[in-house]
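S.K.: For reference, the sequence and a predicted model appear below.
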Amino acid sequence: MLSEETMERYINILNKELVPALGCTEPIAIAYAAATARDTLGCMPESLLAECSGNIVKNVKSVVIPGTQDMHGIEAAAILGALGGDAARKLEVLTTLTSDHIQQAKQLLARGICQVKLIPSVPGLVIRLHAFYGKHHALVEISGNHTHITKIERDKEILLAIQPADLGSVQEDIPEMSIQEILNFADTVPLQRINDLLLCQAKYNMKIAEEGLRRPYGASVGQSLLRTYGNDVKTRARAYAAAGSDARMNGCQMPVIINSGSGNQGITVSLPVVVYAQHLKASEEELVRALAVSNLISIHIKSGIGTLSAYCGAVSAACGCGAAISYLHHCPYEVTAQTVTNILGSVSGIVCDGAKSSCAAKIAAAVDAAILSFSMASNGHVFLPGEGLVKDSIEDTIHAICEMGRDGMQETDLTILQLMIS
């Protein structure tokens, strides 16, 4: 039985990580910083400077900003945030945009009022948004996660300053998290303490997936899956997750409930689980507890890698949904752990080359690996210790994968960025 302290810690992680976001979280974080800088300045800036880490640059480059049809890029996100963003809404900062804001933003974009500068040799997520009006200057810095403001300045007066040690990332919880403990939590947590949050995730994310299957977005990966492979549960699990990403990456104005700072990961941890729960005629309680498994295992793995890296977050999210599919089938711990081992042993090589339409295809591939991995594990087949990065225990395997994604892929990340902006 878990202690109340441990129970509370897991509930707090879910409440912190599962929040609504409109559009890809990297351009939205820039818009949030710009709206906050405008408020700090006290007026619409005459010019903007966005200093960004490499992972921000690559994740903003190609994704469509929601509600704009065709606008993308750091400059557009910053200008839109400064013009019409509501900073109080955080990752839903652009829900207040009007058609007038969009037209004005296009004019200001053409005038070149926003400059972009790469912050060299800084891993992860860092945004420094400068806003200028006459002799006045405001600075807003975001670091660590998409809404974590670490510095606010106005005319060199420091209004807020938080040291990196105070970031409060979920990484601090990694030594105390394990798949066994997560499963125990899902089994025993009072349903009313997680019910509303996880059903909200299922509802929001299913809605955007249905939109992605109804209309053409991006490369229409979700529609292509159903058209090509039929309508069985394995195909639907991939198609709904892919369709949610199709819509989200290509300007749909519906919010999603994210996981680990990512809407695509929020979609991946939830929609295949919903599809399998419907197929198995699982109860609402079984669905909610399975979603707790999926979300927490994804967070467990991804927070050890870092918010942004060259390691595709669809893989860690697929580990969550694969474990949840095992949980819905009432499999023992060993099968669930082996499912995660098989996923990590097969698709951990998928790289992140920015947010864009092809994220939907990567999600589909990762979910397919999750389904295959569960099938293997439930029939007693698992990759063995010593094969690649597979270790003696699932937690040691996760640790090895995290070290590879966090530390080993830093050079890969730099090469990807150089190739993208060359």
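M.R.: Structure's in. What do you need?

S.K.: where does this protein dip in pLDDT?
M.R.: Along the chain, the parts satisfying pLDDT under 70 run over 164-175.

S.K.: where along this protein do the strands fall?
M.R.: Ranges of strands in the chain, per DSSP state E, are 20-22, 47-52, 114-118, 126-133, 136-143, 149-154, 157-161, 255-257.

S.K.: could those strands go into a markdown table alongside mean neighbour count and distance to Tyr10?
M.R.: In this view, the C-beta of every residue, glycine as well, is placed from N, C-alpha and C. As requested, the strands of the chain are exported to a markdown table (neighbours: other Cβ atoms under 10 Å; distance: least, Cβ to Cβ, whole Å):
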| stretch | mean neighbour count | distance to Tyr10 |
| --- | --- | --- |
| strand 20-22 | 23 | 20 |
| strand 47-52 | 22 | 33 |
| strand 114-118 | 17 | 37 |
| strand 126-133 | 23 | 29 |
| strand 136-143 | 21 | 25 |
| strand 149-154 | 18 | 26 |
| strand 157-161 | 10 | 30 |
| strand 255-257 | 25 | 17 |
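
S.K.: can you tell which of those strands is closest to Arg38?
M.R.: strand 126-133 (6.0 Å; Cβ to Cβ).

S.K.: if we look at that closest one, which residues are touching it?
M.R.: Residues from elsewhere that reach strand 126-133 (Cβ atoms under 8 Å, 6 or more residues apart in numbering): 29-30, 33-34, 36-38, 40-41, 43-53, 56, 78, 82, 119, 137-143.

S.K.: tell me the angle of it relative to strand 114-118?
M.R.: 150 degrees (axes from the mean of the first three to the mean of the last three Cα atoms, to 10 degrees).

S.K.: quick one, strand 126-133 and strand 149-154 angle?
M.R.: 20 degrees.

S.K.: Pairing partners for strand 126-133, with directions?
M.R.: strand 47-52 (antiparallel), strand 136-143 (antiparallel) (DSSP bridges).

S.K.: For Gly251, which of these is the nearest?
M.R.: Among the strands paired with strand 126-133, strand 47-52 comes nearest to Gly251, with 20.6 Å by Cβ to Cβ.

S.K.: Report the distance from the closest one to the chain centre.
M.R.: Here strand 47-52 is found 24 Å from its chain centre; the criterion is Cα atoms, centre = their mean, to the nearest Å.

S.K.: any idea how far Ser262 is from the closest residue to Gly251 other than its chain neighbours?
M.R.: Nearest non-adjacent residue to Gly251, counting by Cβ to Cβ, 6 or more residues apart in numbering: Val64, 3.8 Å away. Applying Cβ to Cβ, to the nearest Å, the value for Val64 to Ser262 is 16 Å.

S.K.: Those two: which is more packed in?
M.R.: Ser262 (29 against 24; other Cβ atoms under 10 Å).

S.K.: Surely that one and Gly313 touch.
M.R.: Yes - with contact taken as Cβ atoms under 8 Å, Ser262 and Gly313 are classed as touching, separated by 5.2 Å.

S.K.: Mind putting the strands of the chain into CSV with distance to Ile363?
M.R.: Formatted as CSV, the strands of the chain follow (distance: least, Cβ to Cβ, whole Å):
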stretch, distance to Ile363
strand 20-22, 16
strand 47-52, 25
strand 114-118, 28
strand 126-133, 25
strand 136-143, 26
strand 149-154, 30
strand 157-161, 36
strand 255-257, 12
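
S.K.: returning to what we had before: can the strands paired with strand 126-133 go into CSV with extra columns for distance to His101?
M.R.: Putting the strands paired with strand 126-133 into CSV (distance: least, Cβ to Cβ, whole Å) gives the following:
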stretch, distance to His101
strand 47-52, 15
strand 136-143, 19
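
S.K.: Go through these and name the closest to Ile208.
M.R.: strand 136-143 (24.7 Å).

S.K.: Would you mind writing the CA trace of the closest one as PDB?
M.R.: The C-alpha trace of strand 136-143 is given here as PDB (Å, rounded to 0.1, in the frame of the first residue of the first chain):
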ATOM      1  CA  HIS A 136      12.000  51.400 -22.600                       C
ATOM      2  CA  HIS A 137      12.800  47.700 -22.500                       C
ATOM      3  CA  ALA A 138      11.200  44.600 -21.000                       C
ATOM      4  CA  LEU A 139      12.700  41.100 -20.700                       C
ATOM      5  CA  VAL A 140      10.900  37.900 -20.000                       C
ATOM      6  CA  GLU A 141      12.900  34.600 -19.700                       C
ATOM      7  CA  ILE A 142      11.300  31.200 -19.700                       C
ATOM      8  CA  SER A 143      13.500  28.200 -18.800                       C
END
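
S.K.: Show me the contact partners of it.
M.R.: Taking Cβ under 8 Å, 6+ apart as the rule, strand 136-143 contacts 29, 32-34, 36-38, 40-42, 45, 124-131, 148-156, 164, 167.

S.K.: Please apply the same query to stretch 107-119.
M.R.: So stretch 107-119 is in contact with 45-54, 57, 71, 74-76, 78-79, 83, 126, 128, 421, going by Cβ under 8 Å, 6+ apart.

S.K.: Could you do stretch 297-305 as well?
M.R.: Contacts for stretch 297-305 (Cβ under 8 Å, 6+ apart): 13, 17, 169-171, 173-174, 177-179, 182, 259-260, 265, 268-269, 311, 313, 316-317, 319-321, 323-324, 340, 398-399, 401-402, 405-406.

S.K.: Mind checking which of the residues you listed are buried?
M.R.: 13, 17, 170-171, 174, 177-179, 182, 259-260, 265, 268-269, 311, 313, 316-317, 319-321, 323-324, 340, 398-399, 401-402, 405-406 (16 or more other Cβ atoms under 10 Å).

S.K.: Thank you kindly, that will do.
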